[in-house]
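Novice: Take a look and give me a structure for this.
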Amino acid sequence: MPEIHNPNLQTQGSGSGGGTGGGDFRSTMAFMLVILAAFLGYQYFFMKPKPPEQSHQEPPAPAQSASSPATPGQSQPASASQKPGSAAPVATPQISAAAESETTIENDLYRIVLTNRGAQVKHWILKRYNDSSGKPLDLVQQEAAAKFGLPLSLFTYPDSPASMTQLNQALYQVTVSGATPTANGVVLAPASVTFRYVANGLDVAKTVRFDSSYVVTVEAQVLMNGAPVRALVRWPAGLGDMEEFRQTSMVRSQVPTPSFFAWSIDGKQDSQAAAKVSGDSTFDQPYQYAAVMDLYFASAFLPDAPDRATVVTLHNSIELNSNPSDPNSKKTPADVLGLAVGDSSGYTRLRLFAGPKATDVLSSIHATGADGKPDGPSLEPLIQFGWLTVIAKPLYIVLRFMVRIGISNWGWAIIVFTLVFNLALLPTRLMQTKSSLKMMRIQPKMDAIKKRYAHLKMNDPKRLEMQQEQTALLKAEGVNPYGGCLPMLLQMPLFFAYFRVLQNAVELRQAHWLWLPDLSRPDPTFILPIFVIVTMFLTQYITPMPGMDPTQRRMMAFMTPIFFGYILWHYPSGLALYWGTGNLMMLAMQIGINRSHWGREMHAIAARRAAKKPGANPKVIQGRR
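Specialist: Take a look at the predicted model:
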């Protein structure tokens, strides 16, 4: 529950005050430490920025083929190319362009700008998503692409007779078919663009087909003197939102958006963080798909012939400004992951998805199955909620359903769901109150047991008898000292599930609510964290806890709200919206309980106990109406 105290946890404590609130205090502190350890552990093991590994050792996750993988400078037999002398030179007329030109392809989802220099993509703009500056997001990160290459460029090994420089710098002849350019020169999908370059025995053909979806089909073949050359299609330089920074700790430190290598082999999906992916490693495995992705977007290759698939992992790094809006800010290293995918036969035909990791989109895209049709695994596993998938995915599905049926804003969906969830927890809240009242009724008996053993030292073995007597009394009276923890235990998994959804659901990226510009980022005005602190403090203040030492009660009343407020100060505002809504409901419930006959009895007991304490003001009680 948003309130962290447990008023009915009245097990024997060692604190002062004659009550049994020490156990409650220790339980609360232990719970807070567990939460803190969970957050810091997650930061350290899963979100800690690591320098890119430039090792040429291959990542252990994808199973390698029995033959030794090819690496730069070492090609596999009959897989890099055939030697130029193995086929007689074929005299063909040269085919090339006289000057560089661009071709723009559009549909409702993207605008792709291709250049005939290297037959590559200069811009891959998603119309429905914006970057951090509010402009349509370009999946081609220009700074990284200038250093490491553009999408749809070709990859060859160093000993190949066709060099990457020549393949990716040549001026190709361009043929557009399937559509007529509009007045402004834009080609509307469906359409196909064919690039051709022939010179000095080198013959390169590349065709890219576009339709109404985020998927394009790419065919590529490189021949040298009529013999096939092993050339792979590349996406070499990460994704366009990699310059966006996200929260990585409770001190508002930021790191670039993390990157991952994901794949499916024989129906088994897996992924690997960028820090564990080595560069220039070759894998000849039946890849149904291989993808570079971050939290919200992905570029995934789906080979038409998985049994002949070759994948090369590319890993580099660049320095990005820690504050994208300030060119003079400190530089931060960022991983740049890329892939090259092709067919070991020398003729490559594959599909390429480049777009958002939206459930509806990814679930509709399937890898090539055993029958050669697109009925294999879908790309939906690219959305990764981690170890909380069993909770986070249903939560995401429910929120998305609410948005679709009429709640047009994700922020309001979070509020409505939280209200419904807390109403469902009302029976546990009432159970907690009854348990607390029973505990308060038998508190004099608990104190009497404690008093009989008060002369014993803390390490005296006879103190075990005291604990046994107290346990027997609780059992006889039907009191569960941990009953008050149930609502809190039910609420905390949802807390972490919200955290995972906010960090992995592209629909919540830049989703606004009232004054909040982005529910996946911290509240820039700090209104919600302050609201969480205030509502949690008020709930603690009006809840009677007569069994707790006043010093401990004051510490809990201030420490717990500040602790959670500090966490939510630096984490997604959608998380604070959920917690603050829950706090407000719990505050209303506590006010209602205080006015019930249970609440009046609890306050009466609290007043009597306060009056009996030496020097106590009988008019001052620990629970307020």
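Novice: Pull out the CA atoms of the stretch of helix or strand L528 belongs to and give them to me as PDB.
Specialist: For L528, the host element (DSSP states H and E) is helix 527-542. Extracted in PDB, the C-alpha atoms of helix 527-542 (Å, rounded to 0.1, in the frame of the first residue of the first chain):
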ATOM      1  CA  ILE A 527       4.700  18.400  -8.000                       C
ATOM      2  CA  LEU A 528       4.000  14.700  -7.900                       C
ATOM      3  CA  PRO A 529       6.900  13.700  -5.700                       C
ATOM      4  CA  ILE A 530       5.900  16.400  -3.200                       C
ATOM      5  CA  PHE A 531       2.200  15.300  -3.400                       C
ATOM      6  CA  VAL A 532       3.400  11.700  -2.600                       C
ATOM      7  CA  ILE A 533       5.300  13.000   0.500                       C
ATOM      8  CA  VAL A 534       2.400  15.000   1.800                       C
ATOM      9  CA  THR A 535      -0.300  12.400   1.300                       C
ATOM     10  CA  MET A 536       1.800   9.600   2.800                       C
ATOM     11  CA  PHE A 537       2.600  11.800   5.800                       C
ATOM     12  CA  LEU A 538      -1.000  12.700   6.400                       C
ATOM     13  CA  THR A 539      -2.000   9.000   6.100                       C
ATOM     14  CA  GLN A 540       0.600   8.100   8.700                       C
ATOM     15  CA  TYR A 541      -0.500  11.000  10.900                       C
ATOM     16  CA  ILE A 542      -4.100  10.000  11.200                       C
END
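Novice: helices and strands around it, which ones?
Specialist: Contact partners of helix 527-542 among helices and strands, from 3 or more C-beta pairs under 8 Å, 6 or more residues apart in numbering; DSSP states H and E: helix 550-569, helix 573-594. For every residue, glycine as well, the C-beta is placed using N, CA and C.
Novice: Average pLDDT for that helix, rounded please.
Specialist: Mean pLDDT, helix 527-542: 89.
Novice: can you give me the angle the host helix or strand of V501 makes with helix 550-569?
Specialist: Using DSSP H and E, V501 sits in helix 485-504. Interaxial angle, helix 485-504 versus helix 550-569 (axes from the mean of the first three to the mean of the last three C-alpha atoms, to 10 degrees): 20 degrees.
Novice: Break the protein into its domains for me.
Specialist: For the chain, automatic domain parsing gives the domain ranges 21-30+405-612, 94-384.
Novice: how close does I562 sit to R117?
Specialist: According to C-beta to C-beta, to the nearest Å, I562 and R117 sit 58 Å apart.
Novice: the more surrounded of the two?
Specialist: The neighbour count for I562 versus R117, taken as other C-beta atoms under 10 Å, is higher for R117 (18 against 14).
Novice: What pLDDT is listed against that one?
Specialist: Value listed for R117 in the pLDDT field: 97.
Novice: Quick check: it touching Q169?
Specialist: Yes: using C-beta atoms under 8 Å, R117 is in contact with Q169, at 6.5 Å.
Novice: neighbours of the closest residue to S344 other than its chain neighbours, just the number please.
Specialist: Excluding the flanking residues, the one nearest S344 by C-beta to C-beta, 6 or more residues apart in numbering is R308, at 4.7 Å. By other C-beta under 10 Å, the residues close to R308 number 17.
Novice: And R308, what's its pLDDT?
Specialist: 95.
Novice: before we move on, the earlier item: of the domains of the chain, which shows the lowest average pLDDT?
Specialist: domain 21-30+405-612 (a mean of 81).
Novice: Now do the end-to-end distance for stretch 97-107.
Specialist: One end of stretch 97-107 to the other measures 27 Å (C-alpha to C-alpha, to the nearest Å).
Novice: Pull out the buried positions in that stretch.
Specialist: 97, 103-107 (16 or more other C-beta atoms under 10 Å).
Novice: got the contact list for that stretch?
Specialist: The contact list for stretch 97-107 (C-beta atoms under 8 Å, 6 or more residues apart in numbering) reads 111-117, 122, 171-174, 176, 185-189, 191, 193, 210-213.
Novice: gap between that stretch and the chain center?
Specialist: What separates the centre of stretch 97-107 from the centre of its chain is 36 Å, taken as C-alpha atoms, centre = their mean, to the nearest Å.
Novice: can you tell me how far Q173 sits from V193?
Specialist: From Q173 to V193 the distance is 11 Å (C-beta to C-beta).
Novice: In terms of neighbours, single out the busier of the two.
Specialist: Set Q173 next to V193 and count neighbours by other C-beta under 10 Å: V193 wins out with 24 against 16.
Novice: Run through the neighbouring helices and strands of the helix or strand hosting A300.
Specialist: A300 is part of strand 297-303 when elements are defined by DSSP H and E. Applying 3+ C-beta pairs under 8 Å, 6+ apart, we find strand 297-303 packed against strand 232-235, strand 287-293, strand 331-343, strand 347-356.
Novice: will you turn these into a markdown table that also has distance to M224 and mean neighbour count?
Specialist: Shown next, in a markdown table, are these (distance: least, C-beta to C-beta, whole Å; neighbours: other C-beta atoms under 10 Å):
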| stretch | distance to M224 | mean neighbour count |
| --- | --- | --- |
| strand 232-235 | 15 | 26 |
| strand 287-293 | 26 | 27 |
| strand 331-343 | 16 | 23 |
| strand 347-356 | 14 | 22 |
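Novice: Tabulate those (CSV), appending distance to R452.
Specialist: Converted to CSV, the helices and strands packed on strand 297-303 look like this (distance: least, C-beta to C-beta, whole Å):
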stretch, distance to R452
strand 232-235, 75
strand 287-293, 65
strand 331-343, 63
strand 347-356, 68
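Novice: closest one to V198 among the ones you listed?
Specialist: Minimum separation from V198 across the helices and strands packed on strand 297-303 (C-beta to C-beta) falls at strand 347-356, 16.6 Å.
Novice: Which neighbours in the sheet does the closest one have, and how are they oriented?
Specialist: Strand 347-356 has its sheet partners listed here by DSSP bridges as strand 215-224 (antiparallel), strand 297-303 (antiparallel).
Novice: Just want the angle from the first one to strand 331-343.
Specialist: Angle of strand 215-224 versus strand 331-343, following the same axes, to 10 degrees, is 70 degrees.
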